[in-house]
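coords please:
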Amino acid sequence: AEMWVVFLTAVLGLVLFVAGLLLINGKKNAQCPKEIFAQAQQLFIDQDWGQAIEHLETCKRLSIPGTYYYDMAVTNIGICQHHQRNYEEAVNCFEYQFSKAKKPSDKVEALQHLASAHSAQGNVMKSITLLQQAFALAKSFTSITHIGVLLVKELMKKPDIQNAAKVGSKLLPTFTGEMAGNAEHRALLGLLAECSTAMRNFPLAKKLASDKLKLAKHAGDREGCCATHLHLGNIEVWNSNLYEAVPHYEKALQLAKDIGDNHSKGLSLNNLGAVYCKLKNYDKCLPILLDRYQLAKRMRDSRGKLTALGNLTIVQLAQRQFSAVVVLQEERLELSIELGDKPEQIRTLVCRANANTILGNHQSAKEDTEDVLQLVQTHENTEKSVQATPRLFHQLGAVYLAAGRDNEQSDKQADLQQALQLFTQGYKLANTDIKNCLPIGLRCGIGIVDIHVAEQRLGEGVSWCQALLSTLKQNVATANVRDGEIGTILAELLGKLAAIYSATGEYLKATETHDERLRLDAEPCLGDEGDTPINIIAATNSLEFTLVDL
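Next up, the predicted model:
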């Protein structure tokens, strides 16, 4: 009996001990979600997204679904996943957040999160729809202005510049009192300036950007001042005021150095160098562009390196360093392939083909041309991406025409036929948009004339010259016929026609045509370099542009 009493006492003590442990552990676990969430918040502040997700997953596992810490853990996991660019996982978390939101303010927050994740995935239309829902639900002035600025940004990405400007213009007058001059007010001014630039309303763009600059200076916002000087420089470039752009880029460069912003420093160097290049001040532009390239290399910025190489190529072409151009295109081509940028691959191959043509390396030039044609066939909407389809075919045709004119080439006839096919394609495409493509269409026609002359079909050469002259006079006012590229093309056409008449023994016609050409008093032909455009390739507030090597 005594043994049973001892045994039962021991069992009871053990049971009580275990129960006590379970009770203590239960209390400890009840506090775990709060403590773990606090730890996750610190990791969040430290931007240690991976560790933060692990802590939040633990917090979620120890919490009951639908409770405060469970829901907060899911929302913050979504934010961490967004920072790690796991956008699908982020969307799932934010959709849960929206489903649990009861208050309008909570729904607005969830919709903003969802819009941001969809925007990051490139689903701009979905993002706009979500922001419009959030805008309709927003009650506080702060929420309305914040969502409004986000909505303007997304509309510009679409791009829907007209609606972006409309929404932004309605929002702008609401920034009064304490809200005037705050970060979102300044951001909205910058966005509206960008809209105005896109709509080519340069006076308004300049005013809006200048207003933003004043507010940024007053707020001591050096980053904002740097970005706005870049923006103002870009506006001047778009407005063809290249000299006025220089001081803005110089100020942006100095500010970027002062605040240690390498990204803005790179943009400033690139744009400053590109403007000096356009101004043909190669002594200044070359060291600036080399600095830009070295900075991009240190930052491991492939896009920055590619842009710098494109502008360095322009400098080398202008200085007629064609062998150096060929060498430089090797790295440029590698980077464009690495970035999956097919339009840039096309530009690089065309540039190398042209340089090799000038150097007499016709076989290499033709190989690059064949690669370009393959890319054009396989890349959807390539014509729009490179923005110069008739010009592209004109350049490719010129490669084969040069090869066909070389008497040492055994496949001369095949090269001339390929050139004819390419020039004809360019000519037909130009005629579909004669208003905007008249000059390059005429150049393609001149290429066709050159082929007929090379193959001794002088009668067809005369017919083409006459047809091109008729097209030119029908589409250009008499007062403008001497202006710029059109005047140069007209002089070239008359010169070719006079030469053909002379070759066929029609000396009277040759003399009359030659005299007409002399009366034009046209400048020497500048070729494609004479109208090299500046191509804007990034958002205006962080704009970087390259001179397209045509």
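
contacting residues around K412?
403-406 (CB atoms under 8 Å, 6 or more residues apart in numbering). Any C-beta I mention is one placed from the backbone N, CA and C, and that applies to glycine too.

and the residue lying closest to L429 once chain neighbours are set aside, how far is that from N86?
Nearest residue to L429, sequence neighbours excluded (CB to CB, 6 or more residues apart in numbering): P390, at 4.8 Å. The gap separating P390 from N86 is 44 Å, by CB to CB, to the nearest Å.

more crowded one of the two?
Using other CB atoms under 10 Å, the more surrounded residue of P390 and N86 is P390, with 26 against 18.

how near is the more buried one to I440?
Distance from P390 to I440, by CB to CB: 5 Å.

what touches both of those two?
With CB under 8 Å, 6+ apart as the test, P390 and I440 both reach 426, 430.

OK, contacts around the residue nearest to H362 when sequence neighbours are not counted?
Sequence neighbours aside, A403 is the residue nearest to H362 in space, at 4.0 Å (criterion: CB to CB, 6+ apart). For A403, the contacting residues are 357, 362, 365-366, 409, 412, 415, by CB under 8 Å, 6+ apart.

same thing with R303?
Neighbouring residues of R303 by CB under 8 Å, 6+ apart: 296, 339.

what's the distance between A398 and G266?
A398 sits 34 Å away from G266, taking CB to CB as the criterion.

re earlier: what kind of secondary structure is the residue nearest to L429 in?
The assignment at P390 comes out as helix when based on DSSP: H, G, I helix; E, B strand; the rest coil.

Need the pLDDT of it.
Per-residue confidence at P390 stands at 87 (pLDDT).

And for V15?
61.

For the nearest residue to K305 once chain neighbours are set aside, the count of nearby residues, please.
What sits nearest to K305 in space, not counting adjacent residues and going by CB to CB, 6+ apart, is A296, at 4.3 Å. Neighbour count of A296, defined by other CB under 10 Å: 22.

ditto for the one 10 residues further on
For L306, the number of neighbouring residues by other CB under 10 Å comes to 24.

swap in the one 5 residues further on?
Here the count is done by other CB under 10 Å, and N311 has 26 residues near it.

Tell me which helix or strand in the chain has the weakest average pLDDT.
Within the chain, confidence by mean pLDDT, DSSP states H and E is lowest for strand 534-536 among all helices and strands, at a mean of 31.

neighbour-wise, which of the contacts of A403 leads?
Neighbour-wise, the contacts of A403 (other CB under 10 Å) top out at A365, 27 neighbours.

Might one say that that one is in contact with C351?
No. At 10.8 Å, A365 does not count as touching C351 under the criterion of CB atoms under 8 Å.

And the contacts of K412, which of them are buried?
Buried members of the contacts of K412, counted by 16 or more other CB atoms under 10 Å: 403-405.

Look at A414 and give its secondary structure.
Three-state call for A414 (three-state DSSP): helix.

residue ranges of the helices in the stretch 51-200 of the chain, please?
Secondary structure of the stretch 51-200 of the chain (DSSP state H, counting those that start in this stretch): helices at 68-83, 87-100, 104-120, 124-137, 141-157, 161-171, 183-198.

any idea which of these is most buried?
helix 183-198 (a mean of 23; mean count of other CB atoms under 10 Å).

Dump the C-alpha coordinates for the host helix or strand of T513 into PDB.
For T513, the element it lies in under DSSP states H and E is helix 507-520. This file holds the C-alpha atoms of helix 507-520, laid out as PDB (Å, rounded to 0.1, in the frame of the first residue of the first chain):
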ATOM      1  CA  TYR A 507      24.800  67.800-124.300                       C
ATOM      2  CA  LEU A 508      22.200  70.500-124.500                       C
ATOM      3  CA  LYS A 509      20.000  68.900-121.900                       C
ATOM      4  CA  ALA A 510      23.100  68.200-119.800                       C
ATOM      5  CA  THR A 511      24.100  71.900-119.900                       C
ATOM      6  CA  GLU A 512      20.600  73.100-119.000                       C
ATOM      7  CA  THR A 513      20.300  70.600-116.100                       C
ATOM      8  CA  HIS A 514      23.800  71.600-114.900                       C
ATOM      9  CA  ASP A 515      22.900  75.300-115.000                       C
ATOM     10  CA  GLU A 516      19.700  74.600-113.000                       C
ATOM     11  CA  ARG A 517      21.800  72.900-110.400                       C
ATOM     12  CA  LEU A 518      24.200  75.800-110.200                       C
ATOM     13  CA  ARG A 519      21.300  78.200-109.700                       C
ATOM     14  CA  LEU A 520      20.300  76.300-106.500                       C
END
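
so how far is N311 from V399?
Using CB to CB, V399 is found at 23 Å from N311.

same deal with T357?
Here the criterion is CB to CB. By it, T357 lies 22 Å from N311.

just to revisit the earlier point, what helix or strand is the residue nearest to H362 on?
Under the criterion of DSSP H and E, A403 resides in helix 389-405.

Show me where the stretch 351-500 of the chain dips below the pLDDT cut-off.
Of all residues in the stretch 351-500 of the chain, those with pLDDT under 70 make up the ranges 378-388, 407-410, 477-483.

ok, now with 90
Along the stretch 351-500 of the chain, the model assigns pLDDT under 90 to residues 360, 363, 372-393, 395, 403-414, 429-440, 454-455, 471-492.

number of nearby residues for Q363?
Neighbours of Q363 using other CB under 10 Å come to 10.

Where does it sit, in terms of helix or strand?
helix 362-378.

Ok, L333 next?
Secondary structure from DSSP H and E places L333 in helix 322-338.

on that earlier part again, go ahead and confirm the residue nearest to L429 touches C444.
Yes. The pair P390 / C444 is scored as a contact, 6.3 Å apart, by CB under 8 Å.

hey, what's in contact with both of the two?
Residues touching both P390 and C444 (CB under 8 Å, 6+ apart): 426-427, 430.

Are we agreed that G487 is in a helix?
Yes. Under three-state DSSP, G487 sits within a helix.

number of nearby residues for it?
17.

quick one: it and R391, what's the gap?
G487 sits 19 Å away from R391, taking CB to CB as the criterion.

do M72 as well
To R391, M72 is 57 Å away according to CB to CB.

Could you verify my assumption that D301 touches G266?
Yes. With contact defined as CB under 8 Å, D301 counts as touching G266 (6.8 Å).

shared neighbours of the two, anything?
L295.

With neighbour numbers in mind, choose between those two.
G266 (27 against 17).

what helix or strand does that one sit in?
helix 262-278.

got it, and I235?
Secondary structure (DSSP H and E) places I235 in helix 222-238.

list the helices and strands that helix packs on?
Packed against helix 222-238, as judged by 3 or more CB pairs under 8 Å, 6 or more residues apart in numbering; DSSP states H and E, are the following elements: helix 183-198, helix 202-218, helix 242-259, helix 262-278, strand 534-536.

can you list these in JSON lines and add distance to L151?
What follows is the helices and strands packed on helix 222-238, written out as JSON lines (distance: least, CB to CB, whole Å):
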{"stretch": "helix 183-198", "distance to L151": "10"}
{"stretch": "helix 202-218", "distance to L151": "18"}
{"stretch": "helix 242-259", "distance to L151": "28"}
{"stretch": "helix 262-278", "distance to L151": "25"}
{"stretch": "strand 534-536", "distance to L151": "23"}
